[in-house]
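> Would you be able to build a 3D model of this:
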Amino acid sequence: MEQSNNPLHGKRLDAILEELVEYYEGFERLSEQININCFIDNPSINSSLKFLRKTPWARTKVESLYLYVLRQKNKKKPAENS
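Presented below is the predicted three-dimensional model:
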């Protein structure tokens, strides 16, 4: 199966989560996007990863938000080499 155009292919969940926390400048703003307890109640990367690895619906939401953020970042990039 061709995965080269899938931005999630080969991307680790911890890297996705760290990028989202950085993009939203912390768990507080991230929890406004995805309302799950592991982002609200004493959040950390490790506790969130534990929850997301055993909760497929929450992981799907995180992956979807990540894809959205990638699209937003691509829109903001100035046209390079033009």
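
> how about Leu65, secondary structure?
Following DSSP: H, G, I helix; E, B strand; the rest coil, Leu65 is assigned to helix.

> what residues are up against the residue nearest in space to the middle of the chain?
For the chain, the residue nearest the mean C-alpha position is Tyr66 (3.7 Å; Cα atoms, centre = their mean). Listed by Cβ atoms under 8 Å, 6 or more residues apart in numbering, the contact partners of Tyr66 are 7-8, 11, 16, 19-20. C-beta coordinates here come from the backbone N, C-alpha and C atoms, glycine included.

> What's the PyMOL line that selects buried ones from the residues you listed?
Filtering the contacts of Tyr66 down to the buried ones (16 or more other Cβ atoms under 10 Å) takes a single PyMOL command:
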select buried, resi 16+20
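
> Just the ones of the contacts of Tyr66 in strands?
Using DSSP state E, no member of the contacts of Tyr66 sits in strands.

> returning to that earlier point: so how far is Asn42 from the residue nearest to the centre of the chain?
The gap separating Tyr66 from Asn42 is 23 Å, by Cβ to Cβ, to the nearest Å.

> Phe39: neighbour count?
Per other Cβ atoms under 10 Å, the neighbour tally for Phe39 reads 26.

> right, and it touches Ser47 too?
No: when contacts are counted by Cβ atoms under 8 Å, Phe39 is not listed as touching Ser47 (9.6 Å).

> What segments of this protein are helices?
Assigned helices in the chain, in chain order: 13-23, 27-33, 37-40, 45-54, 56-76 (criterion: DSSP state H).

> and the shortest one, what does it pack onto?
Okay, so that is helix 37-40. helix 27-33, helix 45-54 (3 or more Cβ pairs under 8 Å, 6 or more residues apart in numbering; DSSP states H and E).

> Dump it to PDB, restricted to CA.
In PDB, the C-alpha atoms belonging to helix 37-40 read as follows (Å, rounded to 0.1, in the frame of the first residue of the first chain):
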ATOM      1  CA  ASN A  37      -9.500  14.600  30.300                       C
ATOM      2  CA  CYS A  38      -5.800  13.700  29.800                       C
ATOM      3  CA  PHE A  39      -5.400  17.200  28.300                       C
ATOM      4  CA  ILE A  40      -7.300  18.900  31.100                       C
END
